[in-house]
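>>> sequence and predicted structure below; questions after.
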Amino acid sequence: MSDVTEMQLLKWHGQLLLLNFLMFMSWRPCRGLNVPNYGSTYRANPTRRSGVFASVRDPAYYDEYQPSGPKPLSQDQRRSKLTAISNPDFYFPPDPEADLAEANEPEPVFERQKSKATPGSFSYNPKDKNGPSHWYRVDARCGGRYQSPILLNTSNAQLVTRKRPLRLDGQTNLPQSILLQNDGHSAKFTYNWRNGDRPVLRGGPLKTKYLFEQFHFHWGVNSTVGSEHVYDYQRYPMEIHLVFYNGLYESFQDAREQVDGIAVVGLFYEIYQHSVDEQLNTWTRFLRNIVTPDSEFTIPFIDTFPLYEVIGDIEWPYFSYEGSLTTPPCLETVTWIVATKPLLVTEKEMKQFRRLQSSTGQMVNNYRPVQKLNHRRVFLY
Ligand SMILES: [Zn+2]
């Protein structure tokens, strides 16, 4: 072999070694890093929500999570899922007995009455011109891609294993008074606080402090429907929403327009089967004061009750996702926190809710149909 060929071989050998070394170096730092695999669809999605979703990269509390493995569905679950997909506007698990009971009940008043639609008003009746599928005409933002409520499924949620505890400070504080309102769509309790007494929600998926504003309810004409979120293909008879606004902003009105402005804690209610007539929630007795639409009632200090009396300890596992207000203007500025453990209510108390009137009749079924997920992630804490 000539010297020239030998030198050429040596040169090639050196280049090969260098190439191997460079490939190794570029591969090495990626190895072993637990980098969440964000779907390209969502990264390529050029909406302002991407800014908020970027927060899930915060290593402080998202550095370890595992997608819970898909569990095989039972035949019943598959059937439920099919129903959910085929009819997203009106969904609850097939229950022939409940259907029969509903069929035998007198037709709810709101079905028979003509809607008196005024500009800007909205209706929950799917047959109305301003019903849920037309809310985008009431406010274009209701046609957005990140709307609420949604289907919450344990099998599709990202399990967050390392989490900061969710805390509600001031839960036992008493307000000066409570303003109870029938706003035509719900029963709303707004607390009037002394300076510094306003309860504060923090931790969990929230990066800052959120201040308590009000709570209200969504319920059904009977106890097979009512909740807005659907948890593992089940609708509950009622859902409470505790609305908080980001303490970075001056007021709820200011905050609700901001991308990180609102946090809503949602809890389901299930029927307490052991006693039909018991009054489990002392505060439901105030509902009789706001039966007529657009009426209000001030609960004096002596009769006020703390948030603790409404929802108890917040120690349940919960779903969290980025969504919207569930009524027009449907602003997509809400971090949702939905508890997996339901509260209790009796049929007697549900009757007190169903006695309330809206401008078009009985105030029932004031829940919005579930909305499309559109590549959002749902986390389970
Ligand atoms: Zn609500």
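Received it, and whenever you're ready, just let me know what you need. Numbers count the residues shown, from 1 in each chain.

>>> give me the low-pLDDT residue ranges for the stretch 101-250 of the chain?
Along the stretch 101-250 of the chain, segments meeting pLDDT under 70 span 101-120.

>>> would you map the strands across it?
Taking DSSP state E, counting those that start in this stretch to define them, one finds strands in the stretch 101-250 of the chain at 151-152, 158-160, 167-169, 177-182, 187-192, 200-202, 210-219, 230-231, 238-246.

>>> now the ones you listed as a markdown table including mean neighbour count and distance to residue 280?
(Each C-beta comes from the backbone N, C-alpha and C, glycine too.) A markdown table is the format used below for the strands of the stretch 101-250 of the chain (neighbours: other CB atoms under 10 Å; distance: least, CB to CB, whole Å):
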| stretch | mean neighbour count | distance to residue 280 |
| --- | --- | --- |
| strand 151-152 | 22 | 25 |
| strand 158-160 | 18 | 32 |
| strand 167-169 | 16 | 21 |
| strand 177-182 | 19 | 18 |
| strand 187-192 | 20 | 16 |
| strand 200-202 | 20 | 24 |
| strand 210-219 | 23 | 14 |
| strand 230-231 | 22 | 21 |
| strand 238-246 | 24 | 12 |
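
>>> which one of the ones you listed lies nearest to residue 301?
Closest approach to residue 301 among those is made by strand 177-182 (5.8 Å; CB to CB).

>>> helices and strands around that closest one, which ones?
Applying 3 or more CB pairs under 8 Å, 6 or more residues apart in numbering; DSSP states H and E, one finds that strand 177-182 contacts strand 187-192, strand 296-299.

>>> looking at these, which is nearest to residue 17?
Among the helices and strands packed on strand 177-182, if distance is taken as CB to CB, the winner is strand 187-192, at 72.1 Å.

>>> what pairs with that closest one, parallel or antiparallel?
With DSSP bridges as the test, strand 187-192 is paired with strand 177-182 (antiparallel), strand 210-219 (antiparallel).

>>> then that strand to PDB, C-alphas only?
Once non-C-alpha atoms are left out, strand 187-192 reads as follows in PDB (Å, rounded to 0.1, in the frame of the first residue of the first chain):
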ATOM      1  CA  ALA A 187     -79.700  31.800  41.300                       C
ATOM      2  CA  LYS A 188     -76.600  33.900  42.200                       C
ATOM      3  CA  PHE A 189     -75.100  34.500  45.600                       C
ATOM      4  CA  THR A 190     -72.700  37.500  45.700                       C
ATOM      5  CA  TYR A 191     -70.900  38.200  49.000                       C
ATOM      6  CA  ASN A 192     -70.300  41.700  50.400                       C
END
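
>>> from the middle of its chain, how far away would that strand be?
Centroid separation for strand 187-192 versus its chain: 20 Å, with CA atoms, centre = their mean, to the nearest Å.

>>> check stretch 210-220 too.
Using CA atoms, centre = their mean, the offset of stretch 210-220 from its chain centre is 12 Å.

>>> can you show me the CA trace of stretch 155-162 as PDB?
Taking Å, rounded to 0.1, in the frame of the first residue of the first chain, the C-alpha atoms of stretch 155-162 are listed here in PDB:
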ATOM      1  CA  SER A 155     -59.300   7.800  30.900                       C
ATOM      2  CA  ASN A 156     -58.300  10.700  28.700                       C
ATOM      3  CA  ALA A 157     -57.000  13.100  31.400                       C
ATOM      4  CA  GLN A 158     -53.300  13.700  32.000                       C
ATOM      5  CA  LEU A 159     -52.600  12.600  35.500                       C
ATOM      6  CA  VAL A 160     -50.500  15.300  37.400                       C
ATOM      7  CA  THR A 161     -48.400  13.400  40.000                       C
ATOM      8  CA  ARG A 162     -46.400  16.300  41.300                       C
END
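
>>> rewinding a little: out of the strands paired with strand 187-192, which is closest to residue 17?
The nearest among those, by CB to CB, is strand 210-219 at 57.8 Å.

>>> switch the strands paired with strand 187-192 over to CSV; also include distance to residue 308.
Converted to CSV, these look like this (distance: least, CB to CB, whole Å):
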stretch, distance to residue 308
strand 177-182, 14
strand 210-219, 12
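
>>> of all those strands, which one comes closest to residue 156?
When the strands paired with strand 187-192 are compared (using CB to CB), the closest one is strand 210-219, at 22.9 Å.

>>> run through the residues that contact the residue most central in space within the chain.
In the chain, the centroid-proximal residue (CA atoms, centre = their mean) is residue 336; its distance is 4.1 Å. Residues in contact with residue 336, defined by CB atoms under 8 Å, 6 or more residues apart in numbering, are 148, 263-264, 266, 319-323.

>>> in JSON lines, list those along with distance to residue 257.
JSON lines is the format used below for these (distance: CB to CB, whole Å):
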{"residue": "148", "distance to residue 257": "17"}
{"residue": "263", "distance to residue 257": "15"}
{"residue": "264", "distance to residue 257": "15"}
{"residue": "266", "distance to residue 257": "21"}
{"residue": "319", "distance to residue 257": "25"}
{"residue": "320", "distance to residue 257": "21"}
{"residue": "321", "distance to residue 257": "20"}
{"residue": "322", "distance to residue 257": "16"}
{"residue": "323", "distance to residue 257": "16"}
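
>>> nearest to residue 368, of those residues?
Using CB to CB, these come closest to residue 368 at residue 148, 7.7 Å.

>>> ok, and the closest non-adjacent residue to that closest one?
residue 323 (3.4 Å; CB to CB, 6 or more residues apart in numbering).

>>> burial check on that neighbour, number of neighbours?
Counted with other CB atoms under 10 Å, the neighbours of residue 323 add up to 27.

>>> cool, residue 267 as well?
26.

>>> tell me which helix or strand it sits in.
Assessed by DSSP states H and E, residue 267 sits inside strand 262-271.

>>> ok, residue 352 next?
helix 347-354.

>>> by contact count, what packs against that helix?
For helix 347-354, the elements it packs on are strand 210-219, judged by 3+ CB pairs under 8 Å, 6+ apart.

>>> ok, residues contacting the strand it packs on?
For strand 210-219, using CB under 8 Å, 6+ apart, the contacting residues are 170, 186-191, 198-202, 226-228, 237-247, 252, 262-263, 307, 310, 326, 350, 353-354, 364-367.
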